[in-house]
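Asks: Sequence first, then the predicted structure, then my questions.
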Amino acid sequence: AGGCFWGVQGVFQRVKGVSRAVSGYAGGARESAHYDQVSQGDTRHAEAVEITYDPKKVSLGELLRVYFSVAHDPTQLNRQGPDIGAQYRSAIFVANGGQEKLARDYIAQLAGAKVFSAPIVTTLEPLKAFYPAEAYHQDYLVRHPTQPYIVYNDLPKIDNLKRLFPSLYRESPALTN
């Protein structure tokens, strides 16, 4: 989770080795995993992206590098850019202890190196469930590249991915459909 899922999904869809990136909700209950409820900010969900990848082509460590340097700003508490609320928090929903340790160690390494001018506020939360978002949220960046929100907030992330990680960047995104 790292703000509006449109941009996070758009970034990871362009990472070589990622076969699927699905916008959705994590951190709350199934009955409230609907955009109208989540967007009110009181369901405990975060807008999140479920990433399926081939570890022979891209490592979890490389995905963390992209997440922390391109996909969002890990120093913004309960917000990303113009989006404000706990549903836009910076969080990694970990499925197992190995993922948690790697993420925790990576955050500690970034903090120790003072990579950011402010503290990292990214939380590590257990993945209890992931609920895919409504169909109109899937592949949103790809389907609406001229929408002003996308142009201003999300296309620069794609440009940064291409510039900072040229060996991981792919031109054709892995679409959900």
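Replies: On my side now, so go ahead. What you see is a predicted model, and the numbers here were worked out from it, not measured in a lab. Numbers count the residues shown, from 1 in each chain.
Asks: How is Phe93 assigned, secondary-structure-wise?
Replies: Three-state assignment for Phe93 (DSSP: H, G, I helix; E, B strand; the rest coil): strand.
Asks: who's in contact with it?
Replies: By C-beta atoms under 8 Å, 6 or more residues apart in numbering, Phe93 lies in contact with Ala1, Ala26, Gly27, Ala46, Ala48, Glu125, Pro126, Leu127, Phe130. The way it works is simple: take the backbone N, C-alpha and C, and place the C-beta from them, glycine included.
Asks: Pick the one among these closest to His137.
Replies: Ala48 (11.5 Å; C-beta to C-beta).
Asks: and that closest one, what pLDDT?
Replies: pLDDT recorded at Ala48 is 98.
Asks: related to what we said a few turns ago, out of the contacts of Phe93, which are buried?
Replies: Among the contacts of Phe93, the ones that count as buried by 16 or more other C-beta atoms under 10 Å are Ala1, Ala26, Gly27, Ala46, Ala48, Glu125, Leu127, Phe130.
Asks: still on that earlier bit, could you tell me which of the contacts of Phe93 are located in strands?
Replies: Counted as lying in strands by DSSP state E, out of the contacts of Phe93, are Ala26, Ala46, Ala48, Glu125, Pro126, Phe130.
Asks: Let me have those residues in CSV, extended by distance to Arg163.
Replies: Below are the ones in strands among the contacts of Phe93 laid out as CSV (distance: C-beta to C-beta, whole Å):
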residue, distance to Arg163
Ala26, 29
Ala46, 27
Ala48, 25
Glu125, 30
Pro126, 34
Phe130, 30
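Asks: Which residue ranges of the protein form strands?
Replies: 18-26, 46-53, 79-80, 83-84, 91-94, 123-126, 130-132.
Asks: And those strands: which comes nearest Leu175?
Replies: Among these, strand 18-26 comes nearest to Leu175, with 8.7 Å by C-beta to C-beta.
Asks: CA-only coordinates of the longest helix along the chain in PDB, if you can.
Replies: Using DSSP state H, we find that the single longest helix of the chain is helix 97-112. Only the C-alpha atoms of helix 97-112 are listed here, as PDB (Å, rounded to 0.1, in the frame of the first residue of the first chain):
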ATOM      1  CA  GLY A  97       8.000 -14.200   8.500                       C
ATOM      2  CA  GLY A  98      10.500 -14.200   5.700                       C
ATOM      3  CA  GLN A  99       8.800 -11.300   3.900                       C
ATOM      4  CA  GLU A 100       8.500  -9.400   7.200                       C
ATOM      5  CA  LYS A 101      12.200  -9.800   8.100                       C
ATOM      6  CA  LEU A 102      13.400  -8.700   4.700                       C
ATOM      7  CA  ALA A 103      11.100  -5.700   4.700                       C
ATOM      8  CA  ARG A 104      12.100  -4.800   8.300                       C
ATOM      9  CA  ASP A 105      15.800  -5.100   7.500                       C
ATOM     10  CA  TYR A 106      15.400  -3.000   4.400                       C
ATOM     11  CA  ILE A 107      13.600  -0.200   6.200                       C
ATOM     12  CA  ALA A 108      16.300  -0.300   8.900                       C
ATOM     13  CA  GLN A 109      19.000   0.000   6.300                       C
ATOM     14  CA  LEU A 110      17.200   3.000   4.600                       C
ATOM     15  CA  ALA A 111      16.700   4.600   8.000                       C
ATOM     16  CA  GLY A 112      20.300   4.000   9.100                       C
END
